[in-house]
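Peer 1: Provided below for reference: sequence and predicted model.
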Amino acid sequence: EDKVVQSPLSLVVHEGDTVTLNCSYEVTNFRSLLWYKQEKKAPTFLFMLTSSGIEKKSGRLSSILDKKELFSILNITATQTGDSAIYLCAVTAQAGTALIFGKGTTLSVSS
Amino acid sequence: NAGVMQNPRHLVRRRGQEARLRCSPMKGHSHVYWYRQLPEEGLKFMVYLQKENIIDESGMPKERFSAEFPKEGPSILRIQQVVRGDSAAYFCASSGDRSYEQYFGPGTRLTVT
């Protein structure tokens, strides 16, 4: 059965800290891995990764995929209170198919 | 450029009633996906539709749930004879042709009393 496992399930840090969120997966015919940020509303798209070893970066957030070891990490540097959210990892087998989600990592950033 | 729209945002139904959830995809998108998020659970896929066609309904419960995406108008997720276990957040996502990226709407929070 296809599955996505995220760790840790929750994390509390202070503003300015750097955090690393983990996502491992087992899926048949893997094609891409996606990261989303969910606050009290819609999951917001962050990154999509399809190639191993290529870092995607957007401001203080970055992510990388290791297709050999079947995992991805999401890094957030110099965290801010606005980074507090649930971070979701999802994988898909091909375009136009369902996303398989992990349970998410709840990040709390205190000031 | 409006994003994915869902309505209503909150819906309260008594056991046995019907719930209708609507989703309008992002402009230019013709692929719609419905997901359900139960408390303390991740998002679970329910159904994938293109205009007038159900492509994959492997995540839909066999009874009481149905979905459509007509030629004109929004996609509808319909739950008949709701039970307390149907209480959840229901999210719709859309994507363009040959795209892996799915963009989510704000969700409909269904509460069954």
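Peer 2: Structure's in. What do you need? Numbering: from 1, shown residues only, chains lettered A, B, ... in the order given.

Peer 1: how about the single nearest residue of chain A relative to chain B, what does it touch?
Peer 2: Relative to chain B, the nearest point of chain A is residue A:98 (3.7 Å; CB to the nearest CB). Placement of C-beta: from N, CA and C, glycine included. Counting by CB atoms under 8 Å, 6 or more residues apart in numbering or on different chains, residue A:98 touches A:92, B:33, B:45, B:48, B:56, B:58-59.

Peer 1: again, 7 Å this time
Peer 2: B:33, B:45, B:48, B:56, B:59 (CB atoms under 7 Å, 6 or more residues apart in numbering or on different chains).

Peer 1: Which residue ranges of the chain form strands?
Peer 2: I went with chain A, as the question did not name one. Remark: strands assigned in chain A by DSSP state E are A:3-7, A:10-14, A:19-26, A:32-38, A:43-49, A:56-58, A:61-66, A:71-76, A:85-92, A:100-101, A:105-110.

Peer 1: you looked at the wrong chain, it should be chain B
Peer 2: For chain B, the strands defined by DSSP E occupy B:5-7, B:10-13, B:19-24, B:31-37, B:43-50, B:53-56, B:65-68, B:75-79, B:88-95, B:103-104, B:108-112.

Peer 1: What sits closest to residue B:84 if chain neighbours are left out?
Peer 2: residue B:112 (5.0 Å; CB to CB, 6 or more residues apart in numbering or on different chains).
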